[in-house]
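# let me see the structure of the following:
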Amino acid sequence: MRRIVAAAAAAASLMACASASAQAVDQKKFNVVGTWNFLTNWKALEVPFWEKELPAASGGKLSGNIKSVTELNLKGTEVLRLLKSGVYDFAAALPIYVDDGAAIVEAVDIAGVAHSFKMSRDIIDAWMPEMQKVMRERHGAMVLGTFTWPEQNFYCRGEIKSVEDLKGKKVRVQGASQADLVKGFGGSAVTIPFGEVVPALEKGVVDCGITGTMPAYKAKWHEVTDTLFRLPVGFTASVWVVNVRTWDKLSPATQDLIRKEMAKLSDQSWKVVEAESDEGVACTTGTGKCSAGTPGKLKLVTPSKADTAARDKVLNEVVLPAWAARCGPECAKKWNDTIGSKYELAAKAK
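Numbers count the residues shown, from 1 in each chain. As a prediction, the model looks like this:
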């Protein structure tokens with residue numbers, strides 16, 4: 001009988017603790033800016049998290065009024081400014097769209113460095129202390145989670161057989177290190193917002209563009225190009241950030257819950273996007289199963305050993321030195337000590 005009473009008392013105590021914890025969570029609907037509303041990240045990860053998963057985990061107390069950059073007609077560079085000003089509480093931020101402290105943040109996704117999703121995630125995790133510092137000091141923000149995009153490749157008008165054929169081509173790039181890579185190949189780098197690339201390709205403003213495999217398909221790049229040159233140049237590792245003023249006003253229980261749920265979202269994001277990376281190739285080329293719609297007919301060109309060797313040569317001789325010059329000696333040393341040494345790379349300004 002005493003055991004039954006003790007068990008009942010313990011159960012009651014646990015229920016009381018759970019109730020107290022639930023009561024300690026704030027009632028809050030956050031203003032959130034996400035990514036592009038026609039891509040997988042938005043549909044499969046972002047909207048479900050803010051509209052279903054976070055509300056369920058918080059007993060209906062927390063949710064997000066989430067808007068996509070597409071709906072808001074943003075190019076990307078405005079996101080952190082809007083977050084800092086308090087227009088948004090949370091934001092999905094791409095390092096390539098960071099203005100202030102750009103080179104420091106760019107360190108997580110220098111074109112040509114990461115050769116796998118695991119390597120990309122390991123790099124962003126290793127560089128997180130520097131990311132947190134620049135986000136807090138310059139953008140009034142804090143990183144709470146990470147996510148990624150599919151493998152970044154070249155989509156071109158006309159025929160591309162090797163890196164040699166990129167010479168003289170005008171190539172749309174996402175950021176400074178991609179621009180350095182393209183210049184190292186003998187091409188000209190052009191910066192164009194993602195939403196404006198298709199007409200630029202269609203009109204011949206650019207000859208090629210670099211983007212992720214499934215985003216290329218969903219943005220219909222396969223309708224205005226002829227060749228997918230599958231030379232991986234990165235994965236565009238990205239972050240979820242929160243306005244620190246918003247964060248500091250939340251109760252400890254609310255902060256703990258959001259941290260845990262954001263960690264789950266991060267894990268899910270990397271798994272979902274890695275799984276769709278190869279399918280994006282199939283969807284743009286018709287070389288495999290495409291569950292996202294009618295496949296395209298791009299010619300798929302697989303890089304040779306000479307192509308990958310050329311990429312690595314440009315990485316070491318052009319891309320890393322240029323990034324080191326932008327970031328400065330102290331920043332480059334930290335990168336070399338934390339990331340470069342692990343992967344036998346060295347970023348030294350010329």
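
# neighbours around residue 49, how many?
Counted with other C-beta atoms under 10 Å, residues neighbouring residue 49 total 25. The C-beta positions use only the backbone N, C-alpha and C, and glycine is treated the same way.

# how near is it to residue 196?
28 Å (C-beta to C-beta, to the nearest Å).

# please apply the same query to residue 303.
27 Å.

# how is this protein partitioned into domains?
As assigned by automatic domain parsing, the chain contains the domains 26-150+236-277, 152-234+294-317.

# pLDDT (mean, whole number) over the first one?
This means domain 26-150+236-277. For domain 26-150+236-277, mean pLDDT rounds to 96.

# who wins for proximity to residue 324 among the domains of the chain?
Proximity to residue 324, assessed across the domains of the chain by C-beta to C-beta, is greatest for domain 26-150+236-277 (8.9 Å).

# how about the residue nearest the centre of the chain: what's its closest non-neighbour residue?
Central residue check for the chain by C-alpha atoms, centre = their mean: the C-alpha nearest the mean position is that of residue 238, 2.9 Å away. What sits nearest to residue 238 in space, not counting adjacent residues and going by C-beta to C-beta, 6 or more residues apart in numbering, is residue 94, at 4.7 Å.

# list the residues that contact that neighbour.
Neighbouring residues of residue 94 by C-beta atoms under 8 Å, 6 or more residues apart in numbering: 35, 76, 174, 236, 238.

# pull the longest helix from this structure.
helix 252-285 (DSSP state H).

# how far does that one sit from its chain's centre?
With C-alpha atoms, centre = their mean, to the nearest Å as the basis, helix 252-285 stands 10 Å off its chain's centre.

# now swap in stretch 199-208 and tell me
Relative to the chain's own centre, stretch 199-208 is displaced by 24 Å; criterion: C-alpha atoms, centre = their mean.

# now swap in stretch 143-159 and tell me
Remark: stretch 143-159 is offset 8 Å from the chain centroid, using C-alpha atoms, centre = their mean.

# gap between the two ends of it?
Stretch 143-159 has an end-to-end distance of 41 Å (criterion: C-alpha to C-alpha, to the nearest Å).

# then stretch 178-192?
Using C-alpha to C-alpha, one end of stretch 178-192 lies 13 Å from the other.

# for that stretch, the averaged confidence score.
Here the average pLDDT along stretch 178-192 is 97.

# same question, stretch 301-314
Stretch 301-314 shows a mean pLDDT of 98.

# now do the strands in the stretch 1-150 of the chain.
All strands of the stretch 1-150 of the chain, identified by DSSP state E, counting those that start in this stretch, fall at 28-33, 62-67, 90-93, 141-147.

# for residue 196, give me its contacts.
Not one residue lies near residue 196 by C-beta under 8 Å, 6+ apart.

# hmm, I was thinking of residue 135
105, 141, 142, 143, 239, 241.

# roughly how far does the residue nearest to residue 64 when sequence neighbours are not counted sit from residue 315?
If you skip the residues right next to it in sequence, residue 64 has residue 50 as its closest partner in space, 3.1 Å away by C-beta to C-beta, 6+ apart. In this view, residue 50 and residue 315 are 37 Å apart by C-beta to C-beta.

# try residue 245
39 Å.

# count the neighbours of the residue nearest to residue 64 for me.
21.

# what's the answer for residue 43, then?
14.

# which residues touch it?
Shown in contact with residue 43 (C-beta under 8 Å, 6+ apart): residue 37.

# list the residues that contact residue 25.
By C-beta under 8 Å, 6+ apart, the contact list for residue 25 reads 58, 59, 61, 62, 251, 253, 254, 257.

# what pLDDT does residue 9 get?
Per-residue pLDDT puts residue 9 at 47.

# now the one 5 residues further on
Residue 14 is assigned a pLDDT of 43 by the prediction.
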